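Undergrad: here is a sequence together with a model predicted from it:
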Amino acid sequence: MEDPPHRPSQQSGGSIKVADLGADNPCELGKWIHGEATRTIPVAELAALKAAHAKFHRAAADIVRKVDAGAAVDQNAALGFQSEFGAASLAVVNHLKALAAKIG
């Protein structure tokens with residue numbers, strides 16, 4: 001099995017658009033999850049990874065939405081391991097590691 005890509009898609013103009021960031025299928029990992037992985041990953045494991053990946057994107061979009069609205073956002077609180085974003089990021093990594101160990 002080929003390793004899933006981990007590079008984020010480049011945003012045009014260097015800006016982050018909340019709607020784009022909130023979608024879980026335009027990034028390289030999302031393309032893999034919604035494409036090749038549907039043919040190679042067991043359904044239960046894929047569903048768990050897909051849910052974790054979507055939650056990661058929602059958490060990232062929420063941060064950008066707050067910043068765009070002018071809210072003061074503490075980086076550690078928003079991005080740290082105790083944050084929703086940090087927990088979602090770790091969940092995606094853990095699902096990928098479990099898949100790699102199971103599938104090889």
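TA: Structure received. Residues are numbered from 1 along each chain as shown.
Undergrad: could you measure His53 against Gly104, distance?
TA: 21 Å (C-beta to C-beta, to the nearest Å). Any C-beta I mention is one placed from the backbone N, CA and C, and that applies to glycine too.
Undergrad: neighbour count: these two, which is higher?
TA: His53 (24 against 6; other C-beta atoms under 10 Å).
Undergrad: is it true that the more buried one touches Lys31?
TA: No: judged on C-beta atoms under 8 Å, His53 makes no contact with Lys31 at a distance of 11.1 Å.
Undergrad: ok, Leu46 - contacts?
TA: Listed by C-beta atoms under 8 Å, 6 or more residues apart in numbering, the contact set of Leu46 reads 33, 37-38.
Undergrad: output those as JSON lines; include the columns pLDDT, distance to Leu46 and secondary structure.
TA: Output for the contacts of Leu46, formatted as JSON lines (pLDDT from 0 to 100; distance: C-beta to C-beta, whole Å; DSSP: H, G, I helix; E, B strand; the rest coil):
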{"residue": "Ile33", "pLDDT": "97", "distance to Leu46": "7", "secondary structure": "helix"}
{"residue": "Ala37", "pLDDT": "95", "distance to Leu46": "6", "secondary structure": "helix"}
{"residue": "Thr38", "pLDDT": "95", "distance to Leu46": "7", "secondary structure": "helix"}
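Undergrad: which one of the residues you listed is nearest to Ala71?
TA: Closest approach to Ala71 among the contacts of Leu46 (C-beta to C-beta): Ile33, at 30.4 Å.
Undergrad: burial count for that closest one?
TA: Neighbourhood size, Ile33 [other C-beta under 10 Å]: 23.
Undergrad: was I right to think it contacts Ala51?
TA: No: counting by C-beta under 8 Å, Ile33 stays clear of Ala51, with 10.3 Å between them.
Undergrad: what helix or strand is Lys102 located in?
TA: Counting by DSSP states H and E, the element that carries Lys102 is helix 84-103.
Undergrad: packing partners of that helix?
TA: helix 43-68, helix 75-79 (3 or more C-beta pairs under 8 Å, 6 or more residues apart in numbering; DSSP states H and E).
Undergrad: return the most buried member of these.
TA: The highest average neighbour count among the helices and strands packed on helix 84-103, using mean count of other C-beta atoms under 10 Å, belongs to helix 43-68 at a mean of 17.
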